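A.B. asks: need a 3D model of the following:
(chains A and B)
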Amino acid sequence: KAGVTQTPRYLIKTRGQQVTLSCSPISGHRSVSWYQQTPGQGLQFLFEYFSETQRNKGNFPGRFSGRQFSNSRSEMNVSTLELGDSALYLCASSLSPRGGLETQYFGPGTRLLVL
Amino acid sequence: DQQVKQNSPSLSVQEGRISILNCDYTNSMFDYFLWYKKYPAEGPTFLISISSIKDKNEDGRFTVFLNKSAKHLSLHIVPSQPGDSAVYFCAASAQGGSEKLVFGKGTKLTVNP
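C.D. replies: Purely as a prediction, here's the structure:
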């Protein structure tokens, strides 16, 4: 069974631009969560989607948004990029939000660098 | 406000010895705790978990201890192996694990041969 895939793996943008990151969950998984990892803050929860609905949201500004499609694939968008948005963005999928956190599998992440 | 704290950014131990990674939390609503291991260029992988109804959970070389009164948990790795060298994240959730995960900043473990 293929794991969680994220595209692109690396991305370089400049301040003010916007970016869209993609996540394909494990086949059959319907819940997708996004996290931001930075050296200073560690892993921080961005949002969670289940059945195309945002179920949970972290403390990030409105520039960060996401969506989930009917095939459970998810995208996150960051508009008006700032230098501080440089981070590793991780996507994790699970069968359902209540499927047990042990069954949440992470993708390799997208490394975003904002210049 | 950091609700989950891993105060040691790094830890170095000799192969065969015990590795002890510590984690403190402030939110008394947390009742489910997990440890993840992360290698460079890979996503975190689940290692072991513990519910607040227990004070110990063991899986092979890995044991997690929970001290609810102190709001403290620790991960013990015995014996440590060079392949255990990675960043370890402590994470917590409320509502029996159905709420979002809150992660610590991680501890980089290096096991020297």
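A.B. asks: what about residue B:46, distance to residue A:83?
C.D. replies: Separation of residue B:46 from residue A:83 (C-beta to C-beta, to the nearest Å): 32 Å. Every C-beta, even on glycine, is put in place using the N, C-alpha and C of the backbone.
A.B. asks: mind listing the strands for chain A?
C.D. replies: A:5-7, A:10-13, A:19-24, A:31-38, A:42-50, A:53-57, A:64-68, A:74-78, A:87-94, A:105-106, A:110-114 (DSSP state E).
A.B. asks: residue B:46 and residue A:83: who's more crowded?
C.D. replies: Per other C-beta atoms under 10 Å in any protein chain shown, whichever of residue B:46 and residue A:83 has more neighbours is residue B:46, with 18 against 10.
A.B. asks: correct me, but the more buried one touches residue B:34?
C.D. replies: Yes - taking C-beta atoms under 8 Å as the definition, residue B:46 is a contact partner of residue B:34 at 6.4 Å.
A.B. asks: dump the strands of chain A into a markdown table; add distance to residue B:55 and mean pLDDT as well.
C.D. replies: What follows is the strands of chain A, written out as a markdown table (distance: least, C-beta to C-beta, whole Å; pLDDT from 0 to 100):
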| stretch | distance to residue B:55 | mean pLDDT |
| --- | --- | --- |
| strand A:5-7 | 37 | 97 |
| strand A:10-13 | 43 | 96 |
| strand A:19-24 | 36 | 98 |
| strand A:31-38 | 28 | 93 |
| strand A:42-50 | 25 | 90 |
| strand A:53-57 | 28 | 89 |
| strand A:64-68 | 37 | 96 |
| strand A:74-78 | 37 | 97 |
| strand A:87-94 | 26 | 94 |
| strand A:105-106 | 28 | 92 |
| strand A:110-114 | 38 | 97 |
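A.B. asks: mean neighbour count for the ones you listed - can I get that in JSON lines?
C.D. replies: Shown next, in JSON lines, are those (neighbours: other C-beta atoms under 10 Å in any protein chain shown):
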{"stretch": "strand A:5-7", "mean neighbour count": "17"}
{"stretch": "strand A:10-13", "mean neighbour count": "13"}
{"stretch": "strand A:19-24", "mean neighbour count": "19"}
{"stretch": "strand A:31-38", "mean neighbour count": "23"}
{"stretch": "strand A:42-50", "mean neighbour count": "22"}
{"stretch": "strand A:53-57", "mean neighbour count": "14"}
{"stretch": "strand A:64-68", "mean neighbour count": "19"}
{"stretch": "strand A:74-78", "mean neighbour count": "21"}
{"stretch": "strand A:87-94", "mean neighbour count": "24"}
{"stretch": "strand A:105-106", "mean neighbour count": "20"}
{"stretch": "strand A:110-114", "mean neighbour count": "18"}
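A.B. asks: noted, bye for now.
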